[in-house]
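Asks: pasted the sequence and its predicted model underneath.
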Amino acid sequence: MRCLYKSFILTRMTNDTVEIGTTVLSAPLYKRLIQFRSLKSRLLLGVSATLLILAAVVLGLTWQAGQSMLQESNVTHLRYEANMLADEITQQVENRIEALERLSQTMGTASDTEWVQYELAKNDSLLSWFEGIVVSDEEGRLIADWPSVVGRIGLETRDQEYFEMLRGTRNVHVSEPFIGRATQMPLVLIGVPRLNARGDFLGFIGGVVRLDSGGLFSRLAKIRLGDHGYSAVFSASGNILYHPDDRLVNTPIADREGYPTLDLALDGWSGDSVGTLFGEQPLYQSYSQIWPASWIVGLYLPVGQAQTPLADFIHRLWWIWVVLALFLLPLLWGLLARILSPLNLLEAQIGEVGQGRRSHVRLETSMQELQQVAQTFNRVEDERQQLLDNLQEREAFLDSVLNSSPQGMFVANFGGRITYMNPALLKMLSISAETQMEAWLEKIHPDDRMGVADLWAHSLKTGKDFVRQMRFLKNDETLWLDVHARSVMLSQQGHSIGLVGVVKDITERRQQEALQRWEAEHDPLTGLLNRRGFLRRLEEAFADFQKTSTPSALLLFDLDHFKPINDEGGHALGDEMLRRVAQVIAWEVRRSDHVARQGGDEFGVLLPSCTLVQAQRIAEALRVAVSEVSVTHEGKVYNVTLSMGATRFNENDGSVEDALTRADAASYEAKDRGRNEVVVKLPSEFDPLSLFD
């Protein structure tokens, strides 16, 4: 090979210059290049590379171990601080709740405004904890406050989230943050329900707390986590209660799904992780729950800041290795020159075998390794001659089998590179035989590419079959391929020399399976969920409600005046009306909501993570939108309206059937009221026996 290489590349060589193709080099430079291509130079380069790799591995392992130790120590510290902060804020919230409960016990069930106002004034010491204290009646109207603020007495709070929660749960509730009208500062209200001996709701006592003062978050401002570490507090609904950047306070988290660890913490999880938050810089994160207020405290420390000392240490180690390598390289050069001197003779004889001037290598040396190399070379040469005798016949047979097969087939070498694809496979993938492997590998679907590569490498390494279904981008369509490749084993040596694979186009079968899954849970007329699909999503939402108290609302309704459309215009006109109504409903609800046609003109809407107040607004929007839908037959315009019942999940619900029964009863009540109505049924307002009246 070296002789052939020189005969093709070297054009002319003189005492001073060497011409290589169109390039002219000086003779000394050419000699240095030839010397660099020697085995000694390459071994030295290999040893140097090995030392470099070894140093890189050692430094890498040191870096990884250091990172692990840093992460463990920093996360432990953050976890301790987060728990301490959560306990401290929890104690402060509980102290405020206990103070309000004692005040409620002192007032009892009295509703006289002057007496209640007098009692509030007597507890003026509570203002060290609260910005103000308010008292409401059972309808949500404020009857007293302290300190008195003009215009606050008489305010209606029945539409506020915290009043609904206090009246509905009869338990202490901490509101979402809001901006005070007088102070223009972010506030929260800690509310305690007022109940009589029978447990009837008489109103609430609420303490207003400023988020930037009052002692709740004073400890957070003193936390020191290096130059860029910080702490933050969030409400379970995703609002920011405290953050070093005041501009973020009382704002919702923009993209909860983009921060999976924070999203878990908002759902009630406590723990530690590493990830980004409100930026691209990785952070050590630790979260702890403040249960009385449904808040979450989080501590954050930039990973880069924590790893700075470790990076400096690794940098020093690297320079120590560089200095050591500079001392070792001259010693290695001389040692390799002495060891490799007998190889010149072996090189010459191997060249003669390659040129056909001798059949075997005969090397006289005391070096056992070179003797073994010579013996191995002779054995391999004998085997090569035998294989060459049968190679042409076997290649012709294999080409005939592969080319005539109707199945897509390919052959890959032991390095994993595909060396042959039969015509059936080329036609299936719409590629030519000249297409480079790297080019058509890029057509494997991006979501499948990494998994295919990992399994392919595993099959080559272990000799196990490669079995995988994957997507292939063929022009403007996506093919589903079923690939099964098996290792080709040598019967004598027992090792693999590559793989032979079969490829099937299963696109039609996958599409049929996907269609069957979709049809099982969807209404063919409107494309909405059917009863089966709707019930499954109801069960999932109810399970979330039982685990995390995530609110969900349910709307059930049917169409008023729909029967005349079927009777006068026929079922085709009725189907058209149902399709138009379905389109309007799907347009009006949120993307996260689930809309179903349960049969006939009966529809249902599940509103996950939705309060009843929000659900009422959506229901009213649906009622108005559907009332504007119309169809025309023989010059006559037909319209429909909705008789809708709305409810939400409740702690006393044993199953989704309880909520369905309430919503169904509400829809019947809407019809009794004259149709085109939305009736809301709360669990406390629903009597199951009324269904039998």
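Replies: Thanks, I have the structure now.
Asks: for the helix or strand hosting Tyr287, packing partners?
Replies: Tyr287 is part of strand 283-290 when elements are defined by DSSP states H and E. Contacting strand 283-290 under the criterion 3 or more Cβ pairs under 8 Å, 6 or more residues apart in numbering; DSSP states H and E are the following elements: helix 39-107, helix 260-266, strand 271-275, strand 295-302, helix 303-339. (Each C-beta comes from the backbone N, C-alpha and C, glycine too.)
Asks: touching, Leu573 and His633? I think so.
Replies: Yes. With contacts counted by Cβ atoms under 8 Å, Leu573 reaches His633, the gap being 5.2 Å.
Asks: out of the helices and strands packed on strand 283-290, which one sits most buried?
Replies: strand 295-302 (a mean of 24; mean count of other Cβ atoms under 10 Å).
Asks: what residues does that strand touch?
Replies: 74, 78, 81-82, 85-86, 89, 174, 220, 223, 225-226, 228-236, 241, 262, 265-266, 277, 281-290 (Cβ atoms under 8 Å, 6 or more residues apart in numbering).
Asks: partner strands of that strand and their direction?
Replies: strand 230-235 (antiparallel), strand 283-290 (antiparallel) (DSSP bridges).
Asks: just name the most buried of the ones you listed.
Replies: strand 283-290 (a mean of 25).
Asks: quick one, domains of the chain?
Replies: 1-37, 50-307, 405-513, 521-692 (automatic domain parsing).
Asks: Gln385: which of the ones you listed is closest?
Replies: domain 405-513 (16.4 Å; Cβ to Cβ).
Asks: switch the helices and strands packed on strand 283-290 over to JSON lines; also include mean pLDDT and distance to Tyr638.
Replies: Shown next, in JSON lines, are the helices and strands packed on strand 283-290 (pLDDT from 0 to 100; distance: least, Cβ to Cβ, whole Å):
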{"stretch": "helix 39-107", "mean pLDDT": "82", "distance to Tyr638": "57"}
{"stretch": "helix 260-266", "mean pLDDT": "86", "distance to Tyr638": "46"}
{"stretch": "strand 271-275", "mean pLDDT": "87", "distance to Tyr638": "55"}
{"stretch": "strand 295-302", "mean pLDDT": "88", "distance to Tyr638": "53"}
{"stretch": "helix 303-339", "mean pLDDT": "79", "distance to Tyr638": "65"}
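Asks: and the helix or strand that contains Glu114, C-alpha only, in PDB?
Replies: Applying DSSP H and E as the criterion places Glu114 in helix 113-122. Extracted as PDB, the C-alpha positions of helix 113-122 are listed here (Å, rounded to 0.1, in the frame of the first residue of the first chain):
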ATOM      1  CA  THR A 113     -72.300  46.600  63.800                       C
ATOM      2  CA  GLU A 114     -71.500  49.000  66.600                       C
ATOM      3  CA  TRP A 115     -70.700  46.200  69.100                       C
ATOM      4  CA  VAL A 116     -68.600  44.400  66.500                       C
ATOM      5  CA  GLN A 117     -66.800  47.600  65.700                       C
ATOM      6  CA  TYR A 118     -66.200  48.100  69.500                       C
ATOM      7  CA  GLU A 119     -64.700  44.600  69.900                       C
ATOM      8  CA  LEU A 120     -62.400  45.200  66.900                       C
ATOM      9  CA  ALA A 121     -61.100  48.400  68.500                       C
ATOM     10  CA  LYS A 122     -60.500  46.600  71.800                       C
END
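Asks: now do the buried residues in it.
Replies: 116-117, 119-120 (16 or more other Cβ atoms under 10 Å).
Asks: which of the residues you listed sit farthest apart?
Replies: Checking the buried residues of helix 113-122 with Cβ to Cβ, the most distant pair is Gln117 and Glu119, at 7.4 Å.
Asks: give me the next element, helix or strand, following the strand ranked longest in the chain.
Replies: As assigned by DSSP state E, the longest strand anywhere in the chain is strand 477-489. Downstream of strand 477-489, the next assigned helix or strand under DSSP H and E is strand 496-505.
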